[in-house]
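[1] I'll drop the sequence and a predicted model, then ask my questions.
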Amino acid sequence: MSDLAYSALHVSNDNGLARVVLDRPERHNAFDDHVINELDQVFTNIAQNQSIRAVILSANGKSFSAGADIEWMKRAAAYTEQENEAASLEMAKMLNRIYTLPQPVIALVQGGAYGGGVGLVAVSDVVVATTQARFCFSEVKLGIIPAVISPYVVRAAGSHALRRYFFTADVFDADEAFRLGLVDIVTDGEELESTGLSIAAKIMENGPAAVAASKQLIDRVSGKPIDESLVTETAKLNAKMRATDEGRDGIAAFLEKRPPVWRKS
């Protein structure tokens, strides 16, 4: 993960905390095929790096992400349906790459998140937004639909709550995003960074395998009936984690009043 490897992003790894910063402020951190490819590469590398325990996703400039880049949209206007499908699939794969990342992703939203930018918000695990942040599903203004981001935003906010915003393309603020479930914490701008770092520090105090398994667990049980099958499945998952080296040491460390092996102090 080199700071110099990506032109649209700034990427770093500091003692297990990865930072991915959208760095096209002059374009309001809008997406094009190049940005999508770089994000996909970065998060593929992070997924394979066991030394990384948490990720902070943020952006430079006034906007978090304005969605699709205007120049890219101009090029896409001449695409065939097959070419548009291929481009959409790359975006869909990139978002799913972030959503299924083993490590938790904390998004820091300091400005506008429009269209695909809201998709980045929705695939993150914890979202902190400033009071100045604004959100919009702007696709219908262009005669298109938010299809690629829809699985994640609907899961976060619910189908009925989003009808108004999908249909009207109204801009809404951070408090409304919090009410909808797209944002977890609303804070002043000067506290955005410290809030994100505080959450990351708490995550990194815990067992890395347990955190990754907890992330998978949420999707595994979400929406399922609490029947005998699910009761049995969760009991097996619990037993499996207790039998791991991490689980054994974590319990022993608690009983012996010492730090577990995954903590540096």
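    All right, it came through fine.
[2] Which parts of the protein belong to which domain?
    Structural domains annotated on the chain: 9-204, 208-256, as defined by automatic domain parsing.
[3] Start and end of the last one, how far apart?
    As for domain 208-256, its first-to-last residue distance stands at 20 Å under the measure Cα to Cα, to the nearest Å.
[4] what sits against the nearest residue to A177 once chain neighbours are set aside?
    Ranked by Cβ to Cβ, 6 or more residues apart in numbering and with sequence neighbours excluded, the top spatial neighbour of A177 is V183, at 4.1 Å. C-beta: built from backbone N, CA, C; applies to glycine. By Cβ atoms under 8 Å, 6 or more residues apart in numbering, the contact set of V183 is 109, 121, 127-129, 133, 174, 177.
[5] So V183 lies in a strand, does it not?
    No: under DSSP: H, G, I helix; E, B strand; the rest coil, V183 falls outside any strand and is assigned coil.
[6] Quote the end-to-end distance of stretch 223-233.
    With Cα to Cα as the measure, stretch 223-233 spans 15 Å from end to end.
[7] Now do the longest helix seen in the chain: distance to the chain's middle.
    With secondary structure taken from DSSP state H, the chain has its longest helix at helix 81-99. Centre-to-centre, helix 81-99 and its host chain are 16 Å apart (Cα atoms, centre = their mean, to the nearest Å).
[8] Return the list of helices and strands in contact with the helix or strand following it.
    Where DSSP states H and E defines the elements, the next helix or strand beyond helix 81-99 is strand 105-109. Judged by 3 or more Cβ pairs under 8 Å, 6 or more residues apart in numbering; DSSP states H and E, strand 105-109 is in contact with strand 54-59, helix 116-123, strand 126-130, helix 192-204.
[9] hmm, 10 Å instead?
    Contacting strand 105-109 under the criterion 3 or more Cβ pairs under 10 Å, 6 or more residues apart in numbering; DSSP states H and E are the following elements: strand 17-22, strand 54-59, strand 63-65, helix 81-99, helix 116-123, strand 126-130, strand 185-187, helix 192-204.
[10] could you dump the fourth one to CSV, C-alpha only?
    Just to be clear, that refers to helix 81-99. Provided in CSV are the C-alpha atoms of helix 81-99 (Å, rounded to 0.1, in the frame of the first residue of the first chain):
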residue,chain,number,x,y,z
GLU,A,81,-26.1,-0.9,-23.7
GLN,A,82,-23.4,-3.6,-23.3
GLU,A,83,-20.7,-1.0,-22.7
ASN,A,84,-22.9,0.7,-20.0
GLU,A,85,-23.5,-2.7,-18.4
ALA,A,86,-19.8,-3.4,-18.2
ALA,A,87,-19.1,0.0,-16.7
SER,A,88,-21.9,-0.4,-14.2
LEU,A,89,-20.7,-3.9,-13.2
GLU,A,90,-17.2,-2.5,-12.4
MET,A,91,-18.9,0.1,-10.1
ALA,A,92,-21.0,-2.7,-8.5
LYS,A,93,-18.0,-4.9,-7.9
MET,A,94,-16.1,-2.1,-6.3
LEU,A,95,-18.9,-1.2,-3.9
ASN,A,96,-19.3,-4.9,-3.0
ARG,A,97,-15.6,-5.2,-2.4
ILE,A,98,-15.8,-2.5,0.3
TYR,A,99,-19.0,-3.9,1.7
